[in-house]
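Trainee: following is a predicted model, sequence given first.
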Amino acid sequence: MSLPAAPLVHPPAWVHARGELGLDVPRVMAVVNLTPDSFFDGGSLMPPGGEDPNAGMAARLCRGLVQQGADLLDLGGESTRPGSEAVAPGLELRRVLPVLRRLREDPELGSIPISVDTRHAEVAAAAMAAGAAIINDVSGLADPAMADVAARTGAGLVLGHLRGVPTTMQQDIHFKDLLAEVAEELIAAVERALRAGVANERLVVDPGVGFGKTPEQSAALVAASALLARETGCPVLIGASRKGFLGAITGRPVGERLIGSVAAAVIAVERGASIVRVHDVAATAEALRVAAAVHRAYNAATGGGPGREFA
């Protein structure tokens, strides 16, 4: 790596439009798919014969995810799985806004931050106006208006790493130095956001596991959080849940990747991730609690310092 390195310091909090989320412990972001075609559970919130998600079903699901240990809810109205086609912003909004409004009115969800998973500034702006706290942009500001929306609304902003678009991102994958190039491109996205007026404490970076990467490259990025946090100066989010690289490792189809997904989340946190984005909240939260207890017990037995808490 030719990039300058700085000591890794976990930031105290991630600031977003509705407050802040402490990062002294790793946080679990729950995936809430509001599409009929997402790679794992797309269509699960669609009523029979319907094309739009059922807001009541979504609210019940989200309450359950929070009870299981989710710290954030990430709503997505466009599938970005490999090979997926782009969705018009109008359709994306039709899927996301009714659910978002229902969640914001739900007293059981309290102050849980809600993120909107979108590549489109138009969608992000409308979602923020409807009560979202965070914009999760897997494209890393491919829409030139996205940074301005984040700055104007005070959103927390996740900057994902993606070359190209989901439809073709798994074609002609080429990196000479995976970690250096991902870091450099994330740094460039961070700098664009800062120039637009987004405060540093509102930024999180995501190396884009499974987004234009081979299985081996995706596996490497799961363990790269400490390096990427040092290089970018931002907390790191890892989204490895149920993805294709786990199938390449285990030979299991997407519906049978729970164990691999939980293992990847624990490794990501061990290697410095501040947030893990997952489908399986209960299993992941329990695994992180066990990891935290093991670390505390070892530190107490050896007289070491408390280190970073896991839960």
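Mentor: Cool, the structure landed.
Trainee: quick check: closest non-adjacent residue to residue 270.
Mentor: Leaving aside its sequence neighbours, residue 270 sits nearest to residue 291 (Cβ to Cβ, 6 or more residues apart in numbering; 7.1 Å). Backbone N, C-alpha and C define where each C-beta goes, glycine included.
Trainee: what pLDDT is listed against that neighbour?
Mentor: As predicted, residue 291 sits at a pLDDT of 95.
Trainee: equivalent analysis for the one 4 residues further on, please.
Mentor: We have a pLDDT of 90 for residue 295.
Trainee: can you report how many residues neighbour it?
Mentor: Around residue 295 there are 18 other residues, counting by other Cβ atoms under 10 Å.
Trainee: so where does it fall, helix or strand?
Mentor: Mapping residue 295 onto the secondary structure by DSSP states H and E places it in helix 281-302.
Trainee: quick one: that helix to chain centroid distance?
Mentor: In terms of Cα atoms, centre = their mean, to the nearest Å, the centre of helix 281-302 is found 22 Å from the chain centre.
Trainee: mind listing what's buried in that helix?
Mentor: For helix 281-302, a neighbour-count test (16 or more other Cβ atoms under 10 Å) marks 281, 283-285, 287-288, 291-292, 295 as buried.
Trainee: helices of the stretch 51-200 of the chain, start to end?
Mentor: With DSSP state H, counting those that start in this stretch, the ranges of helices along the stretch 51-200 of the chain come out as 55-68, 89-104, 121-129, 146-153, 178-196.
Trainee: ok, now the stretch 201-311 of the chain?
Mentor: Taking DSSP H, counting those that start in this stretch, the helices of the stretch 201-311 of the chain run over residues 215-222, 225-232, 244-250, 258-270, 281-302.
Trainee: make a markdown table out of the ones you listed and add distance to residue 145.
Mentor: Converted to a markdown table, the helices of the stretch 201-311 of the chain look like this (distance: least, Cβ to Cβ, whole Å):
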| stretch | distance to residue 145 |
| --- | --- |
| helix 215-222 | 28 |
| helix 225-232 | 22 |
| helix 244-250 | 31 |
| helix 258-270 | 31 |
| helix 281-302 | 32 |
